[in-house]
Structures are given as structure tokens and as C-alpha cells.
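Visitor: Sequence and predicted structure are below.
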Amino acid sequence: MDDQLLIGREREQAQLRAWAADALAGRGSLVLLAGEAGVGKTTLARRALAGSGLEVLEGVGVQGGTSAFGPVVEVLRAHLRIEGGGPLVEGPLAAHLALLLPELGPPAAEGDRATLFEAIRLALAAIAARRPAALLLDDLQWADDATLELLAALARSLDTQPLLVLGAFRSDELPRDHPIRRLRSELRRAGRLRQVTVEPLEAEATAALLERTLGAAGPSLRRAVFDRTDGVPFFVNELGSALAASGRLEAGPSGLELLEGEDVPLPDSVRDAVLLRAAGLSDDARVAVLTAAVAGQTFDPELVTAVAGLPEWPDELLRQGIVAEAAPGRMAFRHALVRDAFYGEVPWTRRVALHRAVAERLEATHAAPVVVAEHWALGRRPEQARASLLVAAEAFCAVHAYRDAERTTRRALELWPEERDEGTGGARLDVLERLAGCAELAGDLAEAGTIWRAGAGGRATRSRSGRRSAGWPPSSSSRAAGRRRWPAGSRPPAPSPPPAWRPRPPPNGSPRPPTSGRPGASGPP
Ligand SMILES: Nc1ncnc2c1ncn2[C@@H]1O[C@H](COP(=O)(O)OP(=O)(O)O)[C@@H](O)[C@H]1O
Ligand SMILES: [Mg+2]
């Protein structure tokens, strides 16, 4: 539908275009775009920004977890690709930006979060100074916490820059403690909350969208589709295409209608509509698409072909528009909801085996540990998942993404029951100590206190049973030492350390992680 006009959305487009025009005139801002999955946020954002005079750079949050500042790094790389890699920031701050973009040179050995934020702010200002720009940060419900904290800190500086930051997120199923809620309340407190909420289409607009797929539709078909889809455009398109492919329509006096006497019910979920639309796939294509759904929203077709045991990638999936090429050597599902539908079709035991196979291959190619960990966890390999999570936590800590480090470490501990600490020299307790350090650095003081106390209990037990000298609860100075230890980059204790991982510029776009696990994620568990 890219070359077609949007249906409806006049008011939302006008609002976004007005803010884009302000940005073009040097008065930028941060704007949030909310709405349920498939309602049309990405489509609206792209359409409103096209022709705005702003250079549009896109970054996206990834289900299952993004590396620190993932969407922002993507935007910076997109710019470097266009501009041929000229320096974004000059002087001492360049080394701080290199923490996120290793291709810029050696990273700073010492630093803090405020300095890194400043380096990013200057880089974005430099981009906008060359040409007024819009950053479209999509699917922020899956972004790392560091990205969202950065946005809160950045908002004020946009006032005087030709830079619009448009952040889209799924507003349904957002848990109470999701960092987007924190971002929104901070913006509201500062009097800077600008949000457009995208609602489903009305009945008339739904019919107009249906008719783009089917041609003229009669009144009862229109009504049936509106009742099923509630006007969610993604669902309308899938249902329309599924019906067209199923041969269940006939010409009526004022357009197509459902066949008389047809007793097969209309699909009543997005998932059923997606699957019905794809009902005619060959066996190979079906195996490939189910395996790809386990691999991720974007995936390497070669990896998927190998894991699925197929001789080659079946082109049928591209032809049918189920997947599209995302970058050289990478493919993506047309929409996260398409991937969700196929993922739900993979039988449980097969799913576990596939996640393991994907984890193994990704680990061998040094993919981001946060991605690898998710596959190990879903492949029911807690020890491997834990090791990858701890490496990921270290990487978060190294770029001052303390909340992400805290969340990741907590997940590692969840996969590490206390009784399993036996014989590991108290490695679990060491990790607990690091978790408390992260919580403290993230400003979560009450949480840090609780963890310190839990750790103290564990240490006391160990020292009573003579297995380890106490040294706990840590004095404030030893706490500080514990805190310093991790950010300085020492590797956390890992039961079976995976290969060393260093962030590298991905040649074909960033690797896209697998399934959920991030709060607020719906779809694949
Ligand atoms: N206003 C609209 N008019 C026509 N088609 C739309 C409209 N909004 C969304 N669509 C279609 O619906 C599908 C889902 O939209 P998308 O923007 O990806 O949703 P979201 O980003 O909210 O998940 C896309 O295929 C898009 O072409
Ligand atoms: Mg979207």
C-alpha cells in the first residue's frame, strides 16, 4: 500500500505535519505515537514524514531485547551510511560515542552516563545541523531502558534544533511498570508530553480499506469484516486477502458478498486470518516460515534454511509477501503479527529444539548475547542462557545502561536457583552483589537495599557453614568497590562462558533478536 494514500487519519497527519514543520523551522520536539498492534502507527508516521523536508532516519526496538541504545545506534548508523561516515562528534566526546559505535575508533576508558548522553546529544545535533532531520524510533515498547531514559533527557534540548523525534509504541498490553510509562510521566511533569493516539478505523473507512483489496463489497460483507476486525487495518487487510484467496465470495447486487450457505466461520482472530491467507503454502515453505518465526522478526535466511534442513530458501514466501528483504542477507516478516501467527503454529517441543539450534548457530557467529540468551532460555537451556545474560549485563553496564544491566542480571538469577550455588564458590552471590550495584547506579535505592539484605542472608549462611568467609554485608566502601568492578569491564562469573563478545558494526543491519521476554511484549512468549 506504500504508493497509495492513507485512508482517514487527516487529523493525525495534520498534527504530525505541523510538528514536522516546526522542526524544519528549528523548533524540534519529541512526539509519541501510541496505538495497538496493526492499527497503522508505522504507516502513519512514514506517510506524515514523507515530503516534510526532514531527512528521515529510522531505528526500531526489537522483541526479545535490544542492545543498549539499540534504536538510537541504528539511527546513527543509518546517517553514517548516507553521509559516508564523516565524524559525528569531534574532540574528547568522540571516544564516548565510540562506546556505542566501535567503528568510530577506540572507546573512552573512563566515563559516566551523563557524558555518554552528551556525546549522543551532540551527534544528533550534528546530524540535524547538516540537514533538518526526523528520527522515527519505532516499536519502543521493545526498546532497551537506556533508549527511553535518553529520550527523557533529550527532550528539552530539541526545542532549539531542527530535529523531530517521533517515538511509536504499542499502547495495548503495556505493563504498569513499563519504562514508557515512566517516560510519559516525566514528559508530562515537564509540560512536554506530545502524543498522537492512533485509533482503529470507523466503519466507512474500514469498508474503503477492504475495497482496496477486494473491489466493491456488499453491505453484509462490510458489516461482517468490521465486526470481526474492529477496524484494525492490519486485520482488515489480512481478512480481505484471506477471503479473496479462499474462494468464499460471490458477486451480489452491490458488490461482493460471502457465499450463500457458507457455514465455515470467518476467522475471528488476526492469527487465524494470517494463517488462512497462507493456507496454500508448499511443505518446504511452511517448514521455512515456521523455523523463521522461531529465529526472529528479522532473520538470516541461510541460518533458517540450515536449521530447517532445507536445500534452499523457498522463494514462495517472498512472492506471497509473507516476508520481505530487509537488508542484504536479511529478511523480515511483513509485520510482527505475521510472525506471531506462525510462531503460535510451531508445536511446543519443536519450538524448544528450534530455539536451541538457532542459539547454537548465533552463538557461533558472535551474535549479541542478549539475543543468544533469549534463544537459550526459550530452548530450555538455563545454564547457557544465564552465561549469555551475564555477558549481556556486562555489556549494558559498560555503556552505563544500568537499568538494562539490572533487568538482565535479574533474569540470570531467576535461572539460577539458590541451591545450585553449591560448588560454584558463591558465584550466584557475587552476581547478586553486582545486581545490587546496578540497582544503586540505576537509582533504584530501595531495590538495591532489598538485594543487599538478601545477599547478606546468603553470605551469612555460607559463612556459618564454613564454606566461605563472610565479608558481607559489604561496608559502603566495599559496595563502591563492587560497583566499580563491573563497569570497569571485568567479566562476571559465568558457569560456562560463551565466546568473548564485542559489539561490532553489523554489515547487514543489526541482528534481530527472537521472542519476547521484554516486559510489554505480546506475541511469541
Ligand atoms: N490509514 C491506513 N490506510 C490504509 N492502510 C493502512 C492504514 N493504516 C494501516 N494500514 C495498513 O495496515 C497494515 C498495518 O499497519 P502498520 O502501520 O504496520 O501498523 P502498526 O505500526 O500500528 O503495527 C499495513 O499493511 C498498512 O498498509
Ligand atoms: Mg509498526
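Guide: Received it, and whenever you're ready, just let me know what you need. Residues are numbered from 1 along each chain as shown. Ligands and ions are numbered 1, 2, ... in the order given.
Visitor: Look up the closest residue to the residue of the stretch 1-150 of the chain found nearest ligand 1, ignoring the ones flanking it.
Guide: Across the stretch 1-150 of the chain, no residue is closer to ligand 1 than Gly40, which sits at 2.6 Å (CB to the nearest ligand atom). No exception for glycine: its C-beta is placed from N, CA and C like everyone else's. Counting by CB to CB, 6 or more residues apart in numbering, Gly40 lies nearest to Pro233, which is 4.9 Å off, once chain neighbours are set aside.
Visitor: returning to what we had before: was I right to think the residue of the stretch 1-150 of the chain closest to ligand 1 contacts Val236?
Guide: No - using CB atoms under 8 Å, Gly40 makes no contact with Val236, being 10.2 Å away.
Visitor: How about the contacts made by the residue nearest to Gly40?
Guide: 7, 38-40, 43, 200-201, 209 (CB atoms under 8 Å, 6 or more residues apart in numbering).
Visitor: Poorly predicted segments of the stretch 201-350 of the chain, please.
Guide: Along the stretch 201-350 of the chain, segments meeting pLDDT under 70 span 261-264.
Visitor: can you pull out the helices in it?
Guide: Secondary structure of the stretch 201-350 of the chain, counting by DSSP state H, counting those that start in this stretch: helices at 203-214, 219-229, 233-246, 270-277, 283-295, 301-308, 316-319, 336-343, 348-364.
Visitor: need the residues of the stretch 151-300 of the chain near ligand 1, please.
Guide: By the rule CB under 6 Å from any ligand atom, the part of the stretch 151-300 of the chain lying against ligand 1 is 209, 233-234, 237.
Visitor: Among these, which pair sits farthest apart?
Guide: The largest separation in those, counting by CB to CB, is between Leu209 and Phe234 at 10.1 Å.
Visitor: Now do the strands in the protein.
Guide: Secondary structure of the chain by DSSP state E: the strands cover 29-35, 55-60, 133-138, 163-170, 195-197, 249-252, 255-258, 298-299, 323-327, 330-333.
Visitor: Reformat those as TSV; add mean neighbour count.
Guide: Shown next, in TSV, are the strands of the chain (neighbours: other CB atoms under 10 Å):
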stretch	mean neighbour count
strand 29-35	23
strand 55-60	21
strand 133-138	26
strand 163-170	26
strand 195-197	17
strand 249-252	15
strand 255-258	20
strand 298-299	24
strand 323-327	15
strand 330-333	22
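Visitor: Need those in a markdown table (columns: distance to Ala146).
Guide: A markdown table is the format used below for the strands of the chain (distance: least, CB to CB, whole Å):
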| stretch | distance to Ala146 |
| --- | --- |
| strand 29-35 | 16 |
| strand 55-60 | 13 |
| strand 133-138 | 13 |
| strand 163-170 | 14 |
| strand 195-197 | 22 |
| strand 249-252 | 50 |
| strand 255-258 | 50 |
| strand 298-299 | 21 |
| strand 323-327 | 24 |
| strand 330-333 | 24 |
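Visitor: can you tell which of those strands is closest to Leu187?
Guide: strand 29-35 (7.1 Å).
Visitor: Out of the strands of the chain, which gets nearest to Ala217?
Guide: Closest approach to Ala217 among the strands of the chain (CB to CB): strand 255-258, 4.6 Å.
Visitor: Packing partners of that closest one?
Guide: Applying 3 or more CB pairs under 8 Å, 6 or more residues apart in numbering; DSSP states H and E, one finds that strand 255-258 makes contact with helix 219-229, strand 249-252.
Visitor: returning to that earlier point: ok, which pair from the contacts of Pro233 is furthest apart?
Guide: Ile7 and Gly38 (14.1 Å).
Visitor: Neighbour count: the two, which is higher?
Guide: Taking other CB atoms under 10 Å, Ile7 and Gly38 do not tie; Gly38 has more neighbours (23 against 20).
Visitor: so who does the more buried one touch?
Guide: Listed by CB under 8 Å, 6+ apart, the contact set of Gly38 reads 232-235, 270, 335, 337.
Visitor: Between those residues, which sits nearest Arg182?
Guide: Closest to Arg182 out of the contacts of Gly38 is Leu337 (26.5 Å), distances taken as CB to CB.
Visitor: What separation do you get for that closest one and Gln195?
Guide: Distance from Leu337 to Gln195, counting by CB to CB, to the nearest Å: 23 Å.
Visitor: Single out the most deeply packed of the helices of the stretch 201-350 of the chain.
Guide: Highest mean neighbour count among the helices of the stretch 201-350 of the chain (mean count of other CB atoms under 10 Å): helix 336-343, with a mean of 24.
Visitor: Without its sequence neighbours, what residue ends up closest to the residue in the stretch 251-400 of the chain that ligand 1 sits nearest to?
Guide: Nearest residue of the stretch 251-400 of the chain to ligand 1 (CB to the nearest ligand atom) works out as His335 at 5.5 Å. Distances taken as CB to CB, 6+ apart place Phe234 nearest to His335, at 6.1 Å, with adjacent residues excluded.
Visitor: hang on, the one you found packs against Val39?
Guide: Yes - using CB under 8 Å, Phe234 is in contact with Val39, at 7.5 Å.
Visitor: For Thr298, list each beta-bridge partner.
Guide: Counting by DSSP bridges, Thr298 forms beta bridges with Ala332.
Visitor: I'd assumed Glu325 was in contact with it.
Guide: No - applying CB under 8 Å, one finds Thr298 not in contact with Glu325, separated by 10.1 Å.
Visitor: Between those two, which contacts overlap?
Guide: Applying CB under 8 Å, 6+ apart, one finds that Thr298 and Glu325 are jointly contacted by 331-332.
Visitor: Show me which residues of the protein are close to ligand 1?
Guide: Contacts of the chain with ligand 1, taken as CB under 6 Å from any ligand atom, map to 1, 6-9, 35, 37-43, 209, 233-234, 237, 335.
Visitor: redo that, cut-off 8 Å
Guide: The chain comes close to ligand 1 at residues 1-2, 4-9, 35-46, 138-139, 168, 170, 198, 201, 205, 209, 212, 233-234, 236-237, 334-337, as judged by CB under 8 Å from any ligand atom.
Visitor: Find the residue at the geometric middle of this structure.
Guide: The chain has Val62 as the residue nearest its centroid, 1.9 Å off, counting by CA atoms, centre = their mean.
Visitor: can I assume it is in contact with Gln297?
Guide: Yes - assessed by CB under 8 Å, Val62 is found in contact with Gln297 at 6.8 Å.
Visitor: so where is the stretch 351-500 of the chain shaky, pLDDT-wise?
Guide: The model of the stretch 351-500 of the chain has pLDDT under 70 over residues 418-426, 442, 444, 447-448, 451-500.
Visitor: about what we covered before: same list (the helices and strands packed on strand 255-258) but as CSV, adding distance to Ala125.
Guide: Converted to CSV, the helices and strands packed on strand 255-258 look like this (distance: least, CB to CB, whole Å):
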stretch, distance to Ala125
helix 219-229, 43
strand 249-252, 55
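Visitor: So which of these is nearest Gly309?
Guide: Of all the helices and strands packed on strand 255-258, it is helix 219-229 that lies closest to Gly309, at 37.0 Å by CB to CB.
Visitor: ok, residues contacting that closest one?
Guide: Residues contacting helix 219-229 (CB under 8 Å, 6+ apart): 200, 203, 206-207, 210, 217, 235-236, 239-240, 249, 254-258, 266-268.
Visitor: Swap in 7 Å and give it another go.
Guide: Contacts to helix 219-229, defined as CB atoms under 7 Å, 6 or more residues apart in numbering, come from residues 203, 206-207, 210, 235-236, 239, 254, 256-258, 266, 268.
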